[in-house]
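*Asks:* okay, structure incoming, though there's no sequence with it:
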């Protein structure tokens, strides 16, 4: 956005972005090695692979559904500790802003706003699955957005 656009929106009292709903769309946790590795834990720390993706769909007029897909797995050697997958959604209402600013707002700002909630769910579920809570580092949604643009070109 230009420097003038946000100031104009604030002066008019308009909020350009409003998250109206947040929800778990899908959640899966698999603990395939239990109880074997609890009884005889493998040596060394597990390798943890984490993948985060963002999708958005226009749902009519000024509403967009934004989904974060988070997938993580932990394994040591050939022993799989856990796999967790979460689709976390939000309905975002976008105010009257120029079209060229909507996509970055939807694919950067909305994921940035809802990511802490998805991260908390992942942490709680891994803890409840018998493991230390998995704390996912912050995600650079700006970089993710630019990669998406570059890949579509």
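*Replies:* Cool, got the structure. None of these values were measured; they are calculated from a predicted model.
*Asks:* I'd guessed residue 89 sits against residue 65; true?
*Replies:* Yes: in this structure residue 89 lies within contact range of residue 65 using CB atoms under 8 Å: 5.9 Å. (Glycine included, C-beta is placed from N, CA and C.)
*Asks:* what's the overlap in contacts for these two?
*Replies:* Common contacts of residue 89 and residue 65 (CB atoms under 8 Å, 6 or more residues apart in numbering): none found.
*Asks:* where is the longest helix in this protein?
*Replies:* helix 110-128 (DSSP state H).
*Asks:* buried set for whichever helix or strand comes after that helix?
*Replies:* For helix 110-128, the succeeding helix or strand toward the C-terminus, using DSSP states H and E, is helix 141-152. Residues of helix 141-152 classed as buried: 141, 144, 145 (neighbour count, 16 or more other CB atoms under 10 Å).
*Asks:* pull the longest strand from this protein.
*Replies:* Of all segments of type strand in the chain, defined using DSSP state E, the longest is strand 79-94.
*Asks:* who does that strand pair with, and is each partner parallel or antiparallel?
*Replies:* Paired neighbours of strand 79-94 in the sheet (DSSP bridges): strand 17-30 (antiparallel), strand 63-76 (antiparallel).
*Asks:* can you put those in CSV and add distance to residue 135, mean pLDDT and mean neighbour count?
*Replies:* Listed next are the strands paired with strand 79-94 as CSV, based on distance: least, CB to CB, whole Å; pLDDT from 0 to 100; neighbours: other CB atoms under 10 Å:
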stretch, distance to residue 135, mean pLDDT, mean neighbour count
strand 17-30, 16, 97, 13
strand 63-76, 11, 96, 19
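*Asks:* who wins for proximity to residue 101 among the ones you listed?
*Replies:* Among these, the nearest to residue 101 by CB to CB is strand 17-30 (10.4 Å).
*Asks:* which SSE is immediately downstream of that closest one?
*Replies:* Counting by DSSP H and E, the element after strand 17-30 in chain order, helix or strand, is helix 36-39.
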